[in-house]
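[1] what's the 3D shape of this:
(chains A and B)
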Amino acid sequence: DQQVKQNSPSLSVQEGRISILNCDYTNSMFDYFLWYKKYPAEGPTFLISISSIKDKNEDGRFTVFLNKSAKHLSLHIVPSQPGDSAVYFCAASRLQGGKLIFGQGTELSVKP
Amino acid sequence: KAGVTQTPRYLIKTRGQQVTLSCSPISGHRSVSWYQQTPGQGLQFLFEYFSETQRNKGNFPGRFSGRQFSNSRSEMNVSTLELGDSALYLCASSSQTGINTEAFFGQGTRLTVV
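    Numbering: from 1, shown residues only, chains lettered A, B, ... in the order given. Presented below is the predicted three-dimensional model:
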(Lines give C-alpha, C1' and ligand atoms only; values in the text may rest on other atoms or scores of the structure.)
Protein backbone atom coordinates (compact mmCIF):
# COMPACT_ATOMS: atom_id res chain seq x y z
CA ASP A 1 0.00 0.00 0.00
CA GLN A 2 1.79 3.08 -1.30
CA GLN A 3 0.66 5.90 0.98
CA VAL A 4 2.75 8.52 -0.80
CA LYS A 5 2.82 8.50 -4.58
CA GLN A 6 4.79 10.36 -7.18
CA ASN A 7 3.18 9.32 -10.41
CA SER A 8 5.74 10.86 -12.74
CA PRO A 9 9.01 8.92 -12.72
CA SER A 10 10.72 11.59 -14.81
CA LEU A 11 10.38 15.20 -15.90
CA SER A 12 12.36 17.20 -18.42
CA VAL A 13 12.39 21.00 -18.33
CA GLN A 14 14.26 23.73 -20.18
CA GLU A 15 16.64 25.90 -18.18
CA GLY A 16 14.94 29.05 -16.91
CA ARG A 17 11.44 27.56 -17.04
CA ILE A 18 9.35 26.34 -14.14
CA SER A 19 9.61 22.75 -12.86
CA ILE A 20 6.52 21.35 -11.16
CA LEU A 21 6.84 18.08 -9.29
CA ASN A 22 3.71 16.46 -7.93
CA CYS A 23 2.96 14.18 -5.01
CA ASP A 24 -0.25 12.57 -3.73
CA TYR A 25 -0.92 10.94 -0.39
CA THR A 26 -3.68 8.78 0.96
CA ASN A 27 -3.31 8.93 4.74
CA SER A 28 -5.17 11.89 6.22
CA MET A 29 -3.17 11.51 9.44
CA PHE A 30 -0.07 12.91 7.76
CA ASP A 31 0.46 16.47 8.92
CA TYR A 32 3.99 17.29 7.86
CA PHE A 33 5.41 17.07 4.35
CA LEU A 34 8.94 17.38 3.06
CA TRP A 35 10.81 17.44 -0.23
CA TYR A 36 14.26 15.97 -0.65
CA LYS A 37 16.71 16.08 -3.53
CA LYS A 38 19.02 13.18 -4.21
CA TYR A 39 22.08 12.68 -6.38
CA PRO A 40 23.31 9.17 -7.20
CA ALA A 41 25.34 7.48 -4.45
CA GLU A 42 24.52 10.27 -1.98
CA GLY A 43 21.98 10.64 0.78
CA PRO A 44 18.88 12.76 0.21
CA THR A 45 19.28 16.47 0.93
CA PHE A 46 16.44 18.31 2.64
CA LEU A 47 14.93 21.06 0.49
CA ILE A 48 11.75 22.42 1.97
CA SER A 49 8.89 21.38 4.22
CA ILE A 50 5.33 22.37 5.00
CA SER A 51 3.00 21.61 7.86
CA SER A 52 -0.68 20.94 7.36
CA ILE A 53 -1.65 24.27 8.90
CA LYS A 54 -0.23 26.03 5.85
CA ASP A 55 -1.00 25.80 2.17
CA LYS A 56 2.21 27.36 0.88
CA ASN A 57 5.83 27.66 1.91
CA GLU A 58 8.50 29.46 -0.06
CA ASP A 59 12.28 29.36 0.14
CA GLY A 60 14.14 31.12 -2.63
CA ARG A 61 13.49 29.37 -5.92
CA PHE A 62 11.55 26.59 -4.21
CA THR A 63 7.86 26.76 -3.28
CA VAL A 64 5.77 23.93 -1.91
CA PHE A 65 1.98 23.99 -2.19
CA LEU A 66 -0.32 21.81 -0.13
CA ASN A 67 -3.94 21.03 -1.01
CA LYS A 68 -5.27 19.05 1.93
CA SER A 69 -8.71 18.44 0.49
CA ALA A 70 -7.13 16.82 -2.56
CA LYS A 71 -4.33 15.22 -0.53
CA HIS A 72 -1.88 16.67 -3.00
CA LEU A 73 1.30 18.63 -2.77
CA SER A 74 3.60 20.08 -5.37
CA LEU A 75 7.08 21.53 -5.53
CA HIS A 76 7.70 24.44 -7.86
CA ILE A 77 11.23 25.36 -8.88
CA VAL A 78 11.59 28.63 -10.71
CA PRO A 79 13.72 29.37 -12.56
CA SER A 80 15.04 25.86 -13.12
CA GLN A 81 18.80 25.44 -13.41
CA PRO A 82 20.90 22.55 -14.78
CA GLY A 83 22.22 21.95 -11.24
CA ASP A 84 18.67 21.12 -10.18
CA SER A 85 18.88 17.90 -12.17
CA ALA A 86 18.44 15.11 -9.61
CA VAL A 87 15.82 12.77 -8.19
CA TYR A 88 13.24 14.51 -6.03
CA PHE A 89 11.41 12.67 -3.28
CA CYS A 90 8.39 13.85 -1.39
CA ALA A 91 7.88 12.47 2.10
CA ALA A 92 5.16 12.62 4.72
CA SER A 93 5.10 12.17 8.46
CA ARG A 94 3.19 12.89 11.59
CA LEU A 95 4.64 15.75 13.65
CA GLN A 96 5.41 13.63 16.66
CA GLY A 97 7.15 10.78 14.91
CA GLY A 98 10.42 10.26 13.12
CA LYS A 99 9.01 7.94 10.49
CA LEU A 100 9.04 9.37 6.99
CA ILE A 101 7.03 7.74 4.23
CA PHE A 102 8.60 8.47 0.87
CA GLY A 103 7.23 8.58 -2.62
CA GLN A 104 9.00 6.70 -5.39
CA GLY A 105 10.81 9.79 -6.63
CA THR A 106 10.76 11.89 -9.79
CA GLU A 107 13.92 12.32 -11.82
CA LEU A 108 14.19 15.93 -12.96
CA SER A 109 16.37 16.80 -15.92
CA VAL A 110 16.96 20.48 -16.61
CA LYS A 111 18.38 21.03 -20.08
CA PRO A 112 20.52 24.07 -20.94
CA LYS B 1 28.39 21.41 12.69
CA ALA B 2 29.29 17.95 11.36
CA GLY B 3 26.64 16.14 9.36
CA VAL B 4 25.39 12.60 9.69
CA THR B 5 28.25 10.13 9.31
CA GLN B 6 27.76 6.58 8.16
CA THR B 7 30.41 3.88 8.11
CA PRO B 8 31.47 2.03 6.15
CA ARG B 9 30.57 3.62 2.79
CA TYR B 10 30.81 0.34 0.89
CA LEU B 11 30.54 -3.26 1.98
CA ILE B 12 30.54 -6.61 0.21
CA LYS B 13 29.25 -9.64 2.06
CA THR B 14 28.28 -13.18 1.10
CA ARG B 15 24.89 -14.79 1.61
CA GLY B 16 24.34 -16.05 5.12
CA GLN B 17 26.74 -13.65 6.75
CA GLN B 18 25.73 -10.84 9.05
CA VAL B 19 26.62 -7.17 8.85
CA THR B 20 26.65 -4.17 11.18
CA LEU B 21 26.33 -0.62 9.90
CA SER B 22 27.07 2.45 11.97
CA CYS B 23 25.57 5.93 12.07
CA SER B 24 26.67 9.00 14.01
CA PRO B 25 23.93 11.64 14.06
CA ILE B 26 24.28 15.39 14.05
CA SER B 27 25.36 16.60 17.47
CA GLY B 28 22.31 17.22 19.65
CA HIS B 29 19.98 15.10 17.55
CA ARG B 30 18.29 12.36 19.52
CA SER B 31 16.28 10.68 16.79
CA VAL B 32 17.96 8.32 14.35
CA SER B 33 16.08 6.54 11.57
CA TRP B 34 17.21 3.94 9.08
CA TYR B 35 16.01 3.51 5.50
CA GLN B 36 16.68 1.04 2.74
CA GLN B 37 16.84 2.26 -0.84
CA THR B 38 16.55 -0.15 -3.73
CA PRO B 39 15.82 0.62 -7.40
CA GLY B 40 12.49 -1.14 -7.33
CA GLN B 41 11.18 -0.13 -3.92
CA GLY B 42 12.45 3.40 -3.42
CA LEU B 43 13.17 4.53 0.14
CA GLN B 44 11.67 2.19 2.70
CA PHE B 45 11.56 2.95 6.42
CA LEU B 46 13.28 0.36 8.61
CA PHE B 47 13.08 1.75 12.16
CA GLU B 48 13.58 4.81 14.30
CA TYR B 49 15.34 5.17 17.62
CA PHE B 50 14.85 8.00 20.07
CA SER B 51 16.74 8.20 23.36
CA GLU B 52 17.91 4.59 23.03
CA THR B 53 14.39 3.23 22.48
CA GLN B 54 12.90 1.96 19.26
CA ARG B 55 9.98 4.28 18.65
CA ASN B 56 8.83 3.25 15.18
CA LYS B 57 9.30 0.15 13.10
CA GLY B 58 8.74 -0.57 9.43
CA ASN B 59 7.69 -3.78 7.72
CA PHE B 60 10.98 -5.61 7.58
CA PRO B 61 11.74 -9.14 8.84
CA GLY B 62 13.34 -9.73 12.21
CA ARG B 63 16.72 -10.24 10.52
CA PHE B 64 16.92 -6.45 10.53
CA SER B 65 17.60 -4.99 13.93
CA GLY B 66 19.09 -1.90 15.43
CA ARG B 67 20.08 -0.15 18.58
CA GLN B 68 20.99 3.28 19.82
CA PHE B 69 23.59 4.19 22.37
CA SER B 70 23.52 6.86 25.06
CA ASN B 71 25.49 9.24 22.82
CA SER B 72 22.74 8.82 20.15
CA ARG B 73 24.99 6.86 17.81
CA SER B 74 23.12 4.00 16.20
CA GLU B 75 23.92 0.66 14.66
CA MET B 76 21.90 -1.48 12.32
CA ASN B 77 22.44 -5.21 12.04
CA VAL B 78 21.29 -7.58 9.33
CA SER B 79 21.70 -11.28 9.99
CA THR B 80 21.61 -14.18 7.54
CA LEU B 81 22.10 -11.92 4.56
CA GLU B 82 20.15 -12.57 1.37
CA LEU B 83 20.88 -11.37 -2.15
CA GLY B 84 17.84 -9.13 -1.94
CA ASP B 85 19.38 -7.21 0.95
CA SER B 86 21.74 -5.53 -1.50
CA ALA B 87 20.82 -1.87 -1.24
CA LEU B 88 21.85 1.59 -0.14
CA TYR B 89 21.20 1.89 3.59
CA LEU B 90 20.59 5.43 4.74
CA CYS B 91 20.59 6.85 8.21
CA ALA B 92 18.85 10.09 9.11
CA SER B 93 18.91 12.16 12.26
CA SER B 94 16.56 14.84 13.52
CA SER B 95 16.20 16.91 16.64
CA GLN B 96 12.55 15.99 17.08
CA THR B 97 11.87 19.17 19.01
CA GLY B 98 8.94 21.45 18.24
CA ILE B 99 7.46 21.22 14.81
CA ASN B 100 10.72 21.08 12.90
CA THR B 101 11.20 17.44 12.24
CA GLU B 102 13.35 17.66 9.15
CA ALA B 103 15.53 14.60 8.89
CA PHE B 104 19.09 15.01 7.70
CA PHE B 105 20.61 12.08 5.89
CA GLY B 106 24.06 10.60 5.77
CA GLN B 107 25.70 9.51 2.52
CA GLY B 108 24.66 5.92 3.08
CA THR B 109 26.31 2.53 3.14
CA ARG B 110 26.20 0.60 -0.11
CA LEU B 111 25.81 -3.07 0.79
CA THR B 112 26.33 -5.71 -1.85
CA VAL B 113 25.48 -9.31 -1.04
CA VAL B 114 27.05 -11.91 -3.34
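
[2] Could you tell me how many residues sit around A:Pro82?
    10 (other Cβ atoms under 10 Å in any protein chain shown). The C-beta positions use only the backbone N, C-alpha and C, and glycine is treated the same way.

[3] who's in contact with it?
    A:15, A:110-112 (Cβ atoms under 8 Å, 6 or more residues apart in numbering or on different chains).

[4] isn't A:Phe30 right next to A:Cys90, touching?
    No - in this structure, A:Phe30 is not within contact of A:Cys90 by Cβ atoms under 8 Å, at 10.7 Å.

[5] Settle it for me: which of the two has more neighbours?
    A:Cys90 (28 against 20).

[6] For the nearest residue to B:Ser74 once chain neighbours are set aside, which three-state class applies?
    Leaving out its chain neighbours, the residue that sits closest to B:Ser74 by Cβ to Cβ, 6 or more residues apart in numbering or on different chains is B:Val32, at 4.1 Å. Look at B:Val32: counting by DSSP: H, G, I helix; E, B strand; the rest coil, its state is strand.

[7] wouldn't B:Val32 be in contact with B:Ala103 here?
    No - B:Val32 is beyond contact range of B:Ala103, at 9.4 Å (criterion: Cβ under 8 Å).

[8] For these two, list the residues in contact with both.
    B:92-93.

[9] So which residue is smack in the middle of chain B?
    Among the residues of chain B, the one closest to the centroid is B:Trp34, at 3.0 Å (Cα atoms, centre = their mean).

[10] show me the contacts for that residue.
    Per Cβ under 8 Å, 6+ apart, neighbours of B:Trp34: B:23, B:45-48, B:66, B:74, B:76, B:89-92.

[11] ok, now how distant is it from chain A?
    With distances taken as Cβ to the nearest Cβ, to the nearest Å, B:Trp34 is found 10 Å from chain A.

[12] Near the closest residue to that residue other than its chain neighbours, how many other residues are there?
    Sequence neighbours aside, B:Leu46 is the residue nearest to B:Trp34 in space, at 4.1 Å (criterion: Cβ to Cβ, 6+ apart). When neighbours are defined as other Cβ under 10 Å, B:Leu46 has 22 of them.

[13] try the one 5 residues further on
    The criterion is other Cβ under 10 Å. On that basis, B:Ser51 has 11 neighbouring residues.

[14] surely A:Leu21 meets A:Thr106?
    Yes - counting by Cβ under 8 Å, A:Leu21 touches A:Thr106, with 5.1 Å between them.

[15] residues shared between the contacts of those two?
    Common neighbours of A:Leu21 and A:Thr106, using Cβ under 8 Å, 6+ apart, are A:6, A:8, A:11, A:88.

[16] tell me which of these is nearest to chain B?
    Chain B lies nearest to A:Gln6 out of the shared contacts of A:Leu21 and A:Thr106, by Cβ to the nearest Cβ, at 9.0 Å.

[17] I'd guessed B:His29 sits against B:Ser95; true?
    Yes - B:His29 is within contact range of B:Ser95, at 5.2 Å (criterion: Cβ under 8 Å).

[18] okay, those two: which has more neighbours?
    The residue with more neighbours, out of B:His29 and B:Ser95, is B:His29; 19 against 16, by other Cβ under 10 Å.
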